[in-house]
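Visitor: structure for this input, please:
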Amino acid sequence: MKNEKKDWRLDKWLASQGALSRKDARELVRAGRVSVNGVPASAPDLKLGENAAVCVDNRPLTLRRHLYLMMNKPAGVVCATRDCADTTVLDLVPPQFRRPGLFPAGRLDKDSEGFVLITDDGDFAHKILAPKSHVPKTYDVTLDGGIDEAHLVAAFAKGITLDGGDQASPSELIVHRAEAPAEATVTIYEGMYHQVKRMFERFGLTVTALRRVRIGGLTLDPTLVAGACREIVHNELQKIN
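Guide: As a prediction, this is how the structure comes out:
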């Protein structure tokens, strides 16, 4: 995503990065602790040029219009932004990444784990979540029984009619273990409610563990422990859509 600094006030940009309030940003500027292009900032409402170099206490600050995070969601945490009795994915975001407007782009069930994309870019989220975009999402699953590998792979490739009449488009199933408890990887191209679980339920199978490992062409960072997150860089964003 391109950093669009043009026409942004300095104090607004500083606050938008999540670590400061607008009031704190203004106080930093007035204290002479903020410079733009090597010159102490003259006022909090200074307009930033598109390629402005901003430093706070002589430390460069990369100004980002939007933030994109990869989180390894643990089981027991909900994908929600509102206050609730349960821990939410936003509760796990470390202070240096917190900013107004963050939300999970897409959901994982409370008991599911793995890759959750958190952002404040509504346009980007809509693009990757829209059914017409067909952005693939890949999950590792464990099942409560054994499976007929050839039959299930063919059925998933054809597309499955779910309980309730929803039609799942063709998906890809790779079986790692056919005997109980079976293990497999499934890639789907839409995001209907409890879709992966409902697909297996059509064959009398219960998903006992589900972990999202990839969105688009971007794989969950294997170094992220459960509950941790990191920023997604520009070249990685391109892999998602």
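
Visitor: what's in contact with the strand ranked longest in the chain?
Guide: In the chain, with assignment by DSSP state E, the single longest strand is strand 207-215. Under the criterion Cβ atoms under 8 Å, 6 or more residues apart in numbering, residues 106, 108-109, 111-117, 128, 135-144, 181, 185, 187, 196-197, 200, 219-220, 240 lie in contact with strand 207-215. Yep, even glycine has a C-beta here, placed from its N, CA and C like the rest.

Visitor: again, only using 6 Å
Guide: Strand 207-215 is contacted by residues 112-115, 137-142, 144, 197, 200, 220, 240 when judged by Cβ atoms under 6 Å, 6 or more residues apart in numbering.

Visitor: and stretch 161-179, by the same measure?
Guide: For stretch 161-179, using Cβ under 6 Å, 6+ apart, the contacting residues are 146-147, 149, 153, 156-157, 159-160, 183-189, 192, 198-199.

Visitor: picking up where we left off before, pull up the pairing partners for the longest strand of the chain, direction included.
Guide: strand 113-119 (parallel), strand 137-143 (antiparallel), strand 218-219 (antiparallel) (DSSP bridges).

Visitor: now do the same contact list for R22.
Guide: 11, 15.

Visitor: can you give me phi and psi for it?
Guide: The phi and psi torsions at R22 (degrees, to the nearest 10) take the values phi -60, psi -40.

Visitor: from S42, how far out is it?
Guide: For R22, the distance to S42 equals 17 Å [Cβ to Cβ, to the nearest Å].

Visitor: one more: Q96?
Guide: 28 Å.

Visitor: near D86, how many other residues are there?
Guide: Here the count is done by other Cβ atoms under 10 Å, and D86 has 10 residues near it.

Visitor: would you list the phi and psi of it?
Guide: Per degrees, to the nearest 10, the backbone of D86 is at phi -90, psi 160.

Visitor: hang on, it packs against G76?
Guide: No: counting by Cβ atoms under 6 Å, D86 does not reach G76; the two are 7.6 Å apart.

Visitor: could you grab the helix/strand/coil label for A125?
Guide: helix (DSSP: H, G, I helix; E, B strand; the rest coil).

Visitor: contacting residues for A80?
Guide: Applying Cβ under 6 Å, 6+ apart, the residues contacting A80 are T88.

Visitor: so where is this protein shaky, pLDDT-wise?
Guide: 1-7, 17-19, 50, 63, 83 (pLDDT under 70).

Visitor: helices of that one, start to end?
Guide: Applying DSSP state H to the chain gives helices spanning 10-16, 22-30, 122-129, 149-158, 195-201, 234-240.

Visitor: mind putting those helices in TSV, distance to D57 included?
Guide: Shown next, in TSV, are the helices of the chain (distance: least, Cβ to Cβ, whole Å):
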stretch	distance to D57
helix 10-16	12
helix 22-30	8
helix 122-129	31
helix 149-158	55
helix 195-201	48
helix 234-240	26
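
Visitor: who wins for proximity to G49 among the ones you listed?
Guide: helix 10-16 (10.9 Å; Cβ to Cβ).

Visitor: in that closest one, what counts as buried?
Guide: Residues of helix 10-16 classed as buried by neighbour count (16 or more other Cβ atoms under 10 Å): 10-11, 13-16.
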